[in-house]
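J.: return a 3D structure for these sequence lines:
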Amino acid sequence: MRTGEPLPEVGDVLAALATGLWHWDTAAGEVTVDAEAARLLGLPAERVRLTEAQVRARLHPVDWNEITGVVQLAVAEGTLAEVRIRIMDEQGGIVRVVRSRSKPSFDPVRKAYELIGTLQEVTEPRPGTPAGRSAVTGDWRRSREAFLLDAGRALAEARSTEEVLRVAAGLSMPGFSPDGLAVFGVSGDRITVIGHHGQPQNDMNPFVDMPLETDYPAAEVVRTGRAVYLSSRGQYRSRYPLAWPLAERFGRQSWAFLPLTVAGRTMGAWMAAFTYPVAFTPDERSVLTTVARMLAQALSRAGAAETQRELTEGLQRSMMPVLGPEIPGMGIAARYVPTGGGLQVGGDWYDMIPLPGDRFALVIGDVQGHDVRAAGLMGQLRIALRAYASEGHRPDAVLSRASHFFHGLTQSKDDPGDFRFATCYYAEVDPATGTVESARAGHLDPVVRMADGTALILATAGGLPLGIDPDSDYPTTRLALEPGDTLMLCTDGLVETGGHDLQTGWHRLRVILEEHEGGLEELADALVQAVHGPSSHHTTGPLADRREDDIALLLLCRQGEGCGCGDSTAARAPVRRTMLTVAQAEPARIATARQHLRGLLHDWPGEEQRDAAVLLLSEMLTNVLVHTDTDALLVAEVAGEPGQRRIRVEVTDHGDDLPHKRRPGEMASSGRGLMLIELLADAWGVSPRGEGKSIWYELYESAAPEPDDSGPPDASTSA
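T.: Predicted coordinates for the structure are as follows:
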């Protein structure tokens, strides 16, 4: 170019220097590149506008993170941003290395960065030359700090030895990256390979298990606790002649063996091998040493966590029973989910106890607390309940003895403030008849999902939690499971987790129970999943992983159409039935009986009929408690297809006097019960029994159904 001639265009100069130009606006999320920059990125050589995602797909992930960190530092310091970038192809291979120089600026209004810079290909110097060991990036220290920050964060988040090794295999060090990695551990007087990357599995066989006295760099590092750096093949061969024939076939040029030290104890060694000669400058040794320390800490944490998990799972398996063999006509499923804190064991438990005569008992309970003491007390209480049940005691006697035992177990003179109690539900089941006799000690009431899908809470008589009063009584409640019914027993963790109380938590579970289609095991999983949601560590979902309380869950179904134990497509039998005993000493259970009946009629279309049914039930139960000295047994049943259903309510007692209609005066306070039944019921009657009597009534959803041959002989009469 002669003097006085105009200067060439900037674009021509950049093209002559094989330098591309690019512009990045983070607010728009777009990167504009000229033809040369596009070529360097591995794209057709033409000006193009790309999204950040498209550009990021062409760059090495570590380099992309480095760019964002360098840009922020450059803006804060008011300097140029210079980084070394590896361009990748679709298969993950490195196409070329480029250097980017830019002047970033920050717009506080838009809260965005804007960069205009250049891209220029960097010719990789030959390994071993002085230029080859100089940093390509403009700021080696900044790149090193960014790498160590990312590596430390990734290793800190690794939760298992496998994850730690995977993170270590993916580390890409600034300016020099090993192509082979191996982690060695110590087992007794031998050194073993815990994990490796960059070499075939079979090629590592000679190194998998070696004595600590072996003439091998990793063994020496473990013995001495000092790092070994081998910059060339000649150094390796002369220093370790016996191990060299085994290492030679890998084709490496340089090796670094560093100790993995935690709390002053060398727990293993880490090998980083390179396909080109590395001088191991002080900066490079500093990076390798720091990574080795972080790797040792991560492996130590992961090992401790795995040991704790193994201990927890072993303790849990020893305390949680294995459900017995299959019971003809019955299906059983169980789940135990520990809390997320501590040893992940607590006081919740379930059990299944074989009893004479093909009967069995189901137990579920919760010892106060989520610590090791709660788990220990739970184990002792579970054994005691098994012993009392095996002796043949009735449910009330089993819980009474268990309460006396647990009270003596938890009354510590050394620590009177560490008082514990336990809730428990104990039920004896007769598979032949579906009868369930139970006693409850401060525990949640059971829930039954009937054959037509209706889910109801079965209010049962109960006493104080175990251990509070050693002389507490526990009344027995008798239930009946119809074919197709499913009984659910659970601890409060299933109901109250996620900020729910007993009412709102029950509504959440009721939806799952009534809408679930599938087997019993799938229903158990669905109930737990509805409470915990997908785990936040592995999958995304509407709920975070909640481990606020232990969960124990038992499902028992009496097999039949619609029970979920077999074919989920089977038609559900349109029958609902509930039983309840109201004792003379428990007049408050009349309200519970009304609640049961309303639950049974939750989808009955006529509100007046529902109110009439509840009113008549109250009248019948009250008459038994007032005019006799016996208990009342309620049996309520809804049968038939929707639109043509029938509700039949029957109350039985052991009194000898039959009720009769009277004509009470205007001022009389009684005597109107049968008049109300005759006025409101579609059919009613009084049936004498061998001991006592029963009074019943029926209401029809529509026109009167065909005569029921199963009814009592005097079903059409009134007394």
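
J.: every contact and neighbour count from this point should use C-alpha atoms.
T.: OK.

J.: mean confidence for stretch 249-261?
T.: The average pLDDT within stretch 249-261 is 90.

J.: packing partners for the lengthiest helix in the chain?
T.: Ranked by residue count, the top helix of the chain under DSSP state H comes out as helix 282-319. Applying 3 or more C-alpha pairs under 8 Å, 6 or more residues apart in numbering; DSSP states H and E, we find helix 282-319 packed against helix 140-157, helix 161-169, strand 254-262.

J.: 10 Å instead?
T.: helix 140-157, helix 161-169, strand 180-187, strand 254-262, strand 265-274, strand 348-354, helix 372-390 (3 or more C-alpha pairs under 10 Å, 6 or more residues apart in numbering; DSSP states H and E).

J.: the helix or strand just after that helix to strand 348-354, inter-axis angle?
T.: As assigned by DSSP states H and E, the chain's next helix or strand after helix 282-319 is strand 330-337. Here the directions of strand 330-337 and strand 348-354 differ by 150 degrees (axes from the mean of the first three to the mean of the last three C-alpha atoms, to 10 degrees).

J.: what about strand 330-337, average pLDDT?
T.: Averaged across strand 330-337, the pLDDT comes to 88.

J.: and stretch 430-443, by the same measure?
T.: 90.

J.: tell me the buried residues in that stretch?
T.: D430, P431, G434, T435, V436, E437, S438, A439, R440, A441, G442, H443 (16 or more other C-alpha atoms under 10 Å).

J.: next one: phi and psi at the second one?
T.: Geometry field for P431 lists phi and psi as phi -60, psi -30, criterion degrees, to the nearest 10.

J.: one more: the fifth one?
T.: The phi/psi pair for V436 (degrees, to the nearest 10) reads phi -130, psi 120.

J.: and what of the last one?
T.: Backbone geometry at H443, expressed as degrees, to the nearest 10, gives phi -90, psi 170.

J.: do the fourth one as well
T.: According to degrees, to the nearest 10, the main-chain angles of T435 amount to phi -80, psi 140.

J.: before we move on, back to that, so which two of the buried residues of stretch 430-443 are the farthest from each other?
T.: Within the buried residues of stretch 430-443, P431 and G442 form the most distant pair, 26.0 Å apart (C-alpha to C-alpha).

J.: mind listing what's buried along the lengthiest strand in the chain?
T.: Criterion DSSP state E: the longest strand present in the chain is strand 94-107. Across strand 94-107, burial judged by 16+ other C-alpha under 10 Å covers V95, R96, V97, V98, R99, S100, R101, S102, K103, P104, S105, F106.

J.: please compute how far it lies from its chain's middle.
T.: Offset of strand 94-107 from its chain centre (C-alpha atoms, centre = their mean, to the nearest Å): 43 Å.

J.: which strands border the helix or strand just after it, and is each parallel or antiparallel?
T.: For strand 94-107, the succeeding helix or strand toward the C-terminus, using DSSP H and E, is strand 112-121. Strand 112-121 has the following strand partners under DSSP bridges: strand 19-25 (antiparallel), strand 94-107 (antiparallel).

J.: possible to save those strands as JSON lines with mean pLDDT?
T.: Shown next, in JSON lines, are the strands paired with strand 112-121 (pLDDT from 0 to 100):
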{"stretch": "strand 19-25", "mean pLDDT": "87"}
{"stretch": "strand 94-107", "mean pLDDT": "85"}
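
J.: okay if I get the ones you listed as TSV plus distance to D469?
T.: Formatted as TSV, these follow (distance: least, C-alpha to C-alpha, whole Å):
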stretch	distance to D469
strand 19-25	73
strand 94-107	71
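
J.: to R47, which of these lies closest?
T.: Short answer: strand 19-25, nearest of the strands paired with strand 112-121 by C-alpha to C-alpha, at 9.7 Å.

J.: using PDB, write out every CA atom in the closest one.
T.: As requested, the backbone C-alpha atoms of strand 19-25 are provided in PDB (Å, rounded to 0.1, in the frame of the first residue of the first chain):
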ATOM      1  CA  THR A  19     -10.300 -12.900  12.200                       C
ATOM      2  CA  GLY A  20     -14.100 -13.000  12.600                       C
ATOM      3  CA  LEU A  21     -16.300 -10.300  14.200                       C
ATOM      4  CA  TRP A  22     -19.300 -11.000  16.400                       C
ATOM      5  CA  HIS A  23     -21.900  -9.100  18.400                       C
ATOM      6  CA  TRP A  24     -23.800 -10.400  21.400                       C
ATOM      7  CA  ASP A  25     -26.800  -8.800  23.000                       C
END
